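**Q** Sequence and predicted model, in that order:
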Amino acid sequence: MAVYLETVRHFARSNGGHRGEAFMTLPADSGIVQKPSSHSVDQTVEQLKGILQAKGVTLFALVDHSGEAEKVGLKMRPTKLLIFGSPKAGTPLMLASPSSALDLPLKLLIWEDTQGKVWVSYNSPEYLLERHGIPRELLPNIAVIEALAAAAGK
């Protein structure tokens, strides 16, 4: 509960105490990596979909958060989540640490901030290793997300 409350307090401070859109400064230990994209949200998503397909990686889902918000009359900046992976890479992680299934398949969040800048966010592979006690030799199975995020923003 204390961790939750500190996170909420940090969000309120980072957000000027208001509930609404702002680029939130994340705590250093959040495990979330944010990389800028030089494309729109839709262009970044399409680029990622192409890269995943070319590499034979399964795209399990594309969640259009802003599109769903619009359906219920709410306004949200473009925000989309890609959920993807490879059973060949993910299964050894889940066998080594079943709790890793909470964070697998891998996810990339593509979103636009209040200044119109597009970001690609994801959980750091190192953070996931530590969070779930995954053996270090399995790091390459999830480290691919860093290259995907970098390629998506170019």
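**A** Here it is on my side, so go on.
**Q** so where's the chain shaky on pLDDT?
**A** Applying pLDDT under 70 to the chain flags the ranges 1-28.
**Q** for it, what spans make up the strands?
**A** For the chain, the strands defined by DSSP state E cover 32-37, 58-64, 79-85, 106-112, 118-123.
**Q** quick one, which of those is nearest to residue 95?
**A** Closest of those to residue 95 is strand 79-85, at 14.5 Å (criterion: Cβ to Cβ). The C-beta positions use only the backbone N, C-alpha and C, and glycine is treated the same way.
**Q** Hmm, residue 124 and residue 139 touching each other?
**A** No: here residue 139 lies out of contact with residue 124, judged by Cβ atoms under 8 Å, at a distance of 10.9 Å.
**Q** So between the two, which is more surrounded?
**A** residue 124 (17 against 14; other Cβ atoms under 10 Å).
**Q** contacting residues around that one?
**A** 31, 32, 33 (Cβ atoms under 8 Å, 6 or more residues apart in numbering).
**Q** could you dump the strands of the chain to TSV with distance to residue 50 and mean neighbour count?
**A** Below are these laid out as TSV (distance: least, Cβ to Cβ, whole Å; neighbours: other Cβ atoms under 10 Å):
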stretch	distance to residue 50	mean neighbour count
strand 32-37	14	16
strand 58-64	10	13
strand 79-85	12	20
strand 106-112	13	22
strand 118-123	15	21
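**Q** Tell me who's in contact with residue 131.
**A** Residue 131 neighbours (Cβ under 8 Å, 6+ apart): 31, 103.
**Q** And for residue 87?
**A** For residue 87, the contacting residues are residue 58, by Cβ under 8 Å, 6+ apart.
**Q** Could you give the bridge partners of the residue nearest the centre of the chain?
**A** The residue lying closest to the centre of the chain (Cα atoms, centre = their mean) is residue 122, at 3.0 Å. Beta bridges link residue 122 to residue 33 when assigned by DSSP bridges.
**Q** wait, doesn't it sit right on residue 32?
**A** Yes: contact status for residue 122 versus residue 32: in contact at 7.3 Å, counting by Cβ under 8 Å.
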